[in-house]
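J.: what follows is a predicted protein model with its sequence.
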Amino acid sequence: MFAGFSPDALHGLAGQMRRRTFKRGTMIFHKDQAGDALYVIESGRVRIFLPTESGTELTVEVSGAGDVFGELSLLDGRPRSASAEALEETAAFMLGREEFKADLTATPQLAVALIELLSMRLRHVTEYAESLAHLDVHARLARTLLEMAERYGVDRNGIEIDFDLTQADLATMVGATRERVNRALAAFRSQGLVELRGRKIALLNAGRLRQRIY
């Protein structure tokens, strides 16, 4: 988000931010809570999710180092639209609402970067909604694994997604029950497309997995 900023603008923003750390499993904020800060992740990963009335959860994003989250409430002053949880030990910088509003007026680069960020968010939500509406569980799981591998994959005899990812976690990302995700994952394993390595998943044939989406 801040890649196009001048050194002076970056220095000014950095001076206004507070650094916080969160242990794994810590709720950073809850849906419908008042939003008073945006967060820039220094290290670790954060899950953005929607709790449902039935008690289940729908994960809409997994954010990592360099990602920004929590900006919407600063723009419209409304409560948080989703919840955020630290998936692992996480460090993040916080920028408060009043500082953010002042910077938005004083720093043209921030307004441009924010428009780009919101456009990306809209595209992501649109694609996610389309996948829930039109793709079966196998296709949604394939798409999720490929997205996670693209963002967090490392080359370890296949593309290994470099953080713990349980079947329960995948179920919240795919929007299906754990049992259905388990069956889809077992099918991919039997076809030689993925491999389970403890709590990590490795993609062995990304090309064939991508074909499963369509």
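T.: Done, it's in. Numbering: from 1, shown residues only.
J.: strands along this protein, start to end?
T.: Assigned by DSSP state E, the strands in the chain fall at 18-22, 27-29, 37-43, 46-51, 57-63, 68-69, 83-86, 90-96, 153-155, 159-161, 194-197, 200-203.
J.: strand partners (parallel or antiparallel) of the third one?
T.: So that's strand 37-43. Paired strands of strand 37-43, with direction, are strand 68-69 (antiparallel), strand 90-96 (antiparallel) (DSSP bridges).
J.: tell me which residues are up against the least confident helix or strand in the chain by mean pLDDT.
T.: Ranked by mean pLDDT, DSSP states H and E, the weakest helix or strand in the chain is helix 72-76, scoring a mean of 82. Applying Cβ atoms under 8 Å, 6 or more residues apart in numbering, the external contacts of helix 72-76 come out as 34-38, 78-81, 97, 100-101, 114. From N, CA and C alone the C-beta is placed, and that goes for glycine too.
J.: one more time with 10 Å, if that's ok
T.: Contact with helix 72-76 is made by 29, 33-38, 78-82, 95-101, 104, 114, 118, 121, as judged by Cβ atoms under 10 Å, 6 or more residues apart in numbering.
J.: list the buried residues for it?
T.: Going by neighbour count (16 or more other Cβ atoms under 10 Å), the buried part of helix 72-76 is 72-74.
J.: and for Arg45, the neighbour number?
T.: By the criterion of other Cβ atoms under 10 Å, Arg45 has 22 neighbours.
J.: likewise for the one 10 residues further on?
T.: Neighbour count for Gly55, taken as other Cβ under 10 Å: 6.
J.: quick check, pLDDT for it.
T.: pLDDT for Gly55: 77.
J.: now it: phi and psi?
T.: phi 100, psi -10 (degrees, to the nearest 10).
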